[in-house]
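**Q** just coords:
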Ligand code: SF4
Ligand code: SF4
């Protein structure tokens, strides 16, 4: 039995007078998944945000320990489902690095083109969803119109729209669709003619600007200390593009700029992603006509065994640095595996950038962090 | 001074809104450029691409013969235990024993459409079909036997 004084003592520890604790999520339209934020408010001002995770935990890392090096790749599509192709690529690169498998040039080119298409599709979806969080519904449809062309290309070539699983250690599962190049070129033309619509609808919109400019400022030092990567860190002026720093596949042969903004606010993060889409188009344009002829998959052994040791690879997904760390005992399955997902680190900065701002601004700061919950909560 | 700033802010806001509205208005008056498809209505013309991974099927030819030898490579390749190969021994008229499949049990509800079984199959006996309407009222209907009743292995496949 509790007596009265104990109960009062308990509540006094919860928060100071006038503070209000609200639960945002796990079912909330703006969290795009099952993210649960416990927000402590003073009036309308945010005092603290505590993300609660675990609602979509599938213990993927543990699961991978019982899957072979061919099988564990497909599981990573279910983490960051918007960059599933790039996640698959990271895992395949690890196996190839560990076993010194030669990958044919043709496969490398196609992998990069598909990675960039994935990046555009992901940013495209983010743009629509982010504008929708801020109350603009129309850009969602415009963004999905272009994204649909990419998912069609993916469907033709990889056989799936989201969880591709098109990459196998040593190359690709099968060759590209005969129409691939034609369709990608049609997409580039369409994208270039329509990208101005986003500028009119979103970028130059006064309401959008006033809701994002100066909101959720993340300084470069904080971006580094929270481990932020990808567009979030680049909007704060941190140069962290894995494609530039540790080029993999054919990224060292193509010309593109690492997009860096210095403001660090939500608007800068928006601008970085829009500009990144244009850079991705630039990369695709350089590669699409030069896909070399040849095999699409290299010679591999039937049973893949990673030598004993520790392996780490990283790739740049649409959200930042995705790392795969495998400890191998020399068997056919990983002994221990760890994924470094960009979303987790980016989310950890949310409390820091939101404290002191109004609850309405939380939508903008959270939206521009581009959180994909299954990626945070593996 | 304040009033002037305020009014120019309002004018700027309205003009940027109108700019956006012009775009939406354009599509409103040009219905031909709208690409939205209404799903159940376009069912007759809707074509999935031929590679679309919808479900695993086993093609049979006109004589009700398939190419599956019962080697269980697909079962080993599958990460989810979706496929179960049940084999039996067939005795040929000469008295020789030969391994053949009794049933290739495929549980659609466990399948993640990862295509690994198709790649693993040495005799191309199974493939992906572009079906996507999988809803059923009873989940036991999702467990399928891929080889047709009475089917047997095609001549010449080892
Ligand atoms: S597609 Fe993948 S999950 Fe489905 S049966 Fe084949 S190997 Fe198993
Ligand atoms: S479907 Fe192919 S892999 Fe599976 S048992 Fe038959 S022949 Fe072997």
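**A** That came through, no problem. This structure is a prediction, so every number in the text was calculated from the model and none was measured. Numbering: from 1, shown residues only, chains lettered A, B, ... in the order given. Ligands and ions are numbered 1, 2, ... in the order given.
**Q** residue 146: how many residues sit nearby?
**A** Just so you know, I chose chain A. 21 (other CB atoms under 10 Å in any protein chain shown). Placement of C-beta: from N, CA and C, glycine included.
**Q** think we crossed wires, I meant chain B
**A** Residues near residue B:146, counting by other CB under 10 Å: 22.
**Q** before we move on, what about residue A:251?
**A** By other CB under 10 Å, the residues close to residue A:251 number 20.
**Q** any idea which element the closest residue to it other than its chain neighbours lies in?
**A** Distances taken as CB to CB, 6 or more residues apart in numbering or on different chains put residue A:243 closest to residue A:251, at 4.4 Å, once the chain neighbours are dropped. Per DSSP states H and E: residue A:243 is located in helix A:242-245.
**Q** pLDDT on that helix, on average?
**A** Mean pLDDT, helix A:242-245: 86.
**Q** residues in contact with that helix: which ones?
**A** Residues from elsewhere that reach helix A:242-245 (CB atoms under 8 Å, 6 or more residues apart in numbering or on different chains): A:239, A:248, A:251, A:256, A:258, A:314-316, A:321.
**Q** same thing but at 6 Å, please
**A** Helix A:242-245 has contacts (CB atoms under 6 Å, 6 or more residues apart in numbering or on different chains) with A:251, A:258, A:314, A:316, A:321.
**Q** check chain A for its longest helix and report it.
**A** Scanning chain A for the helix with the most residues, using DSSP state H, yields helix A:105-133.
**Q** and the helix or strand just after that helix, anywhere near ligand 1?
**A** Sequence order places helix A:138-158 as the next helix or strand after helix A:105-133, per DSSP H and E. No: shown here: helix A:138-158 not in contact with ligand 1 (CB under 6 Å from any ligand atom), separated by at least 13.3 Å.
**Q** give me the secondary structure label for residue B:99.
**A** Judged by DSSP: H, G, I helix; E, B strand; the rest coil, the three-state class of residue B:99 is strand.
**Q** can you give me the neighbour number for it?
**A** That count, for residue B:99 with other CB under 10 Å as the rule, works out to 12.
**Q** which residues touch it?
**A** Counting by CB under 6 Å, 6+ apart, residue B:99 has contacts B:70, B:87.
**Q** and it, bridged to which residues?
**A** Residue B:99 forms beta bridges with residue B:89, as assigned by DSSP bridges.
**Q** from residue B:90, how far out is it?
**A** 8 Å (CB to CB, to the nearest Å).
**Q** which residues of the chain score low on pLDDT?
**A** Just going to use chain A. Across chain A, residues meeting the criterion (pLDDT under 70) sit at A:1-17, A:29-31.
**Q** wrong chain, I was asking about chain B
**A** Scanning chain B for pLDDT under 70 picks out B:92-93, B:95, B:156-158.
**Q** just give me the neighbour total for the closest residue to residue B:117 other than its chain neighbours.
**A** Once flanking residues are discounted, residue B:117 sits nearest to residue B:74: 3.8 Å by CB to CB, 6+ apart. Neighbourhood size, residue B:74 [other CB under 10 Å]: 24.
**Q** same thing with residue B:122?
**A** Neighbours of residue B:122 under the rule other CB under 10 Å: 12.
**Q** residue A:76 contacts residue A:87, correct?
**A** Yes: if you go by CB atoms under 6 Å, residue A:76 and residue A:87 touch, sitting 4.0 Å apart.
**Q** quick one, phi psi at the closest residue to residue A:151 other than its chain neighbours?
**A** Take residue A:151 and drop its neighbours on the chain: the residue closest to it by CB to CB, 6+ apart is residue A:161, 4.4 Å away. Per-residue torsions, residue A:161: phi -90, psi -30 (degrees, to the nearest 10).
**Q** I appreciate the help and will end here.
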